[in-house]
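>>> okay, sequence plus prediction incoming.
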Amino acid sequence: MIDLSITRAKIDEIDKQIISLFNERMKLADDVANYKIATGKPVYDPIREKEKLEVIEGFGDDYFGKTALRELFSQIMSISRKYQYRKIANVSETSLAVTSYSSDNIGFFGGSGTYTERAMKDFFGKDTKARSFDSFKKVCEAVGNGTIEYGVLPIENSTTGSISDIYDLLMEYKVHILGEAIEPIDHALLGLPGTSLENITEVYSHPQPLLQCSNFLNKYPDWNTFAYGSTSKSAIKVKNDDKPEQAAIASKANAEFYGLEVLAENIANDTLNATRFIVIGKGDNYLENADKISISFEIPHKTGSLYSILSNFIYNNINMTNIESRPIPKRRWQYRFFVDFDGNLNDAGVINAITGLKAEADSFTLLGNYIGADKK
């Protein structure tokens, strides 16, 4: 019978040797970093690493052994790169730190009485006047071409998740995220004064509220639902069509604003339903006390790419708060990733992580550094 205590003692001794050799290897990584700083050579050399891993893999006794060795040394090389990035990281990603944003040249998605308008007023001030646009694309386009200075758009709902179109538009129009606001969503069913639930056969709203109120709508299988441009436009349609069989899902504020009646309130699937809105602008300025960063990157379409790139957050003790993927146009089955994480661009760990991300990704875009709405 095997004496487990003896086996464990041998493992402990081997581990000590591994630790000693690892420490020695990291000292050599310091020499490599100094050389690369002096010569301007990049830290990440994918061709050399691929060749080295293929050699190491050959020392494995079987498939498991070969795979295990490749994984082990991939991690050792990754750690070595992170150490080298720490020594060379000195990159400034923005042009200017500012103390606040203010403007009368603002646009937002939807119309009067919408949640987006509420988010805009919460961010810029209750008396702020702004232009409304009837699509996400038009808001981004107006910011991109300078027609408006800032735009406000919904990007994520606590019930239905991210609004994927927004991510694509951020990249298409090369706009930056300057801030965010989180608004509680109090969806209600609105109809003409004097009508009742028994009269309703048609319900209009933006696609997101229709999804967020699916449980309520499922109670009325005879109702027909229609996706419409926005909650405010849906309320206007019900008002203008003047048909008692029509209703709109919108905020209770829309009922007061457009002279409609609340037929049912708090109809969202989740009573804690909330939406996160972003403020976008053309410049890359950031608030000096910003604590949240958004980025986008593309990586090689091969095994371990995402794991390797995300290790830049792990080794710098950075907390990721969200990650999304979107298909890259004209590149079948390849994806662009969007990540939100805690931090300020002046933080040493953030500088180090961004240095690694830029070195290892096929492309990297800083989307913004701003104050997280949940930190206010």
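Right, received. Where do you want to start? Everything quoted here is computed from the prediction, not taken from an experiment.
>>> just how off-centre is stretch 51-61 within its chain?
Centre-to-centre, stretch 51-61 and its host chain are 37 Å apart (CA atoms, centre = their mean, to the nearest Å).
>>> and what of stretch 282-297?
12 Å.
>>> and that stretch, how far apart are its ends?
End-to-end span of stretch 282-297 (CA to CA, to the nearest Å): 19 Å.
>>> which parts of that stretch are buried?
282, 284-287, 290-297 (16 or more other CB atoms under 10 Å). Any C-beta I mention is one placed from the backbone N, CA and C, and that applies to glycine too.
>>> need those residues in a markdown table (columns: secondary structure).
Formatted as a markdown table, the buried residues of stretch 282-297 follow (DSSP: H, G, I helix; E, B strand; the rest coil):
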| residue | secondary structure |
| --- | --- |
| Lys282 | coil |
| Asp284 | coil |
| Asn285 | coil |
| Tyr286 | strand |
| Leu287 | strand |
| Ala290 | coil |
| Asp291 | coil |
| Lys292 | strand |
| Ile293 | strand |
| Ser294 | strand |
| Ile295 | strand |
| Ser296 | strand |
| Phe297 | strand |
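>>> need those residues in TSV with distance to Ala248 and pLDDT, can you?
Converted to TSV, the buried residues of stretch 282-297 look like this (distance: CB to CB, whole Å; pLDDT from 0 to 100):
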residue	distance to Ala248	pLDDT
Lys282	34	89
Asp284	39	76
Asn285	38	77
Tyr286	38	81
Leu287	37	81
Ala290	37	92
Asp291	38	94
Lys292	34	96
Ile293	37	96
Ser294	33	96
Ile295	37	97
Ser296	35	97
Phe297	40	97
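>>> nearest to Arg25, of the residues you listed?
Distance to Arg25 across the buried residues of stretch 282-297 (CB to CB) is lowest for Phe297, with 28.2 Å.
>>> beta partners for that closest one?
When bridges are called by DSSP bridges, Phe297 pairs up with Phe337, Phe364.
>>> OK, contacts around Leu178?
Leu178 makes contacts with Tyr101, Tyr150, Val279, Ile280, Gly281, Asn285, Tyr286, Leu287, Gly368, Tyr370, as judged by CB atoms under 8 Å, 6 or more residues apart in numbering.
>>> redo that, cut-off 6 Å
For Leu178, the contact set (CB atoms under 6 Å, 6 or more residues apart in numbering) comprises Tyr101, Val279, Gly281, Tyr370.
>>> then Ser232?
Ser232 neighbours (CB under 6 Å, 6+ apart): Gly110, Gly111, Gly113, Thr114.
>>> go through these and say which is closest to Lys330.
Gly110 (31.3 Å).
>>> so what pLDDT did the closest one get?
According to the prediction, Gly110 has pLDDT 86.
>>> related to what we said a few turns ago, so can I have JSON lines of the buried residues of stretch 282-297 showing distance to Asp134?
Converted to JSON lines, the buried residues of stretch 282-297 look like this (distance: CB to CB, whole Å):
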{"residue": "Lys282", "distance to Asp134": "21"}
{"residue": "Asp284", "distance to Asp134": "28"}
{"residue": "Asn285", "distance to Asp134": "28"}
{"residue": "Tyr286", "distance to Asp134": "30"}
{"residue": "Leu287", "distance to Asp134": "30"}
{"residue": "Ala290", "distance to Asp134": "31"}
{"residue": "Asp291", "distance to Asp134": "33"}
{"residue": "Lys292", "distance to Asp134": "29"}
{"residue": "Ile293", "distance to Asp134": "31"}
{"residue": "Ser294", "distance to Asp134": "25"}
{"residue": "Ile295", "distance to Asp134": "30"}
{"residue": "Ser296", "distance to Asp134": "26"}
{"residue": "Phe297", "distance to Asp134": "32"}
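>>> circling back: so which of the contacts of Ser232 are in strands?
The strands, defined by DSSP state E, take in nothing from the contacts of Ser232.
>>> reformat the residues you listed as JSON lines; add neighbour count and distance to Asn145.
Output for the contacts of Ser232, formatted as JSON lines (neighbours: other CB atoms under 10 Å; distance: CB to CB, whole Å):
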{"residue": "Gly110", "neighbour count": "26", "distance to Asn145": "20"}
{"residue": "Gly111", "neighbour count": "22", "distance to Asn145": "22"}
{"residue": "Gly113", "neighbour count": "21", "distance to Asn145": "27"}
{"residue": "Thr114", "neighbour count": "25", "distance to Asn145": "23"}
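>>> can I get the residues you listed in CSV with distance to Arg326?
What follows is the contacts of Ser232, written out as CSV (distance: CB to CB, whole Å):
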residue, distance to Arg326
Gly110, 23
Gly111, 28
Gly113, 31
Thr114, 25
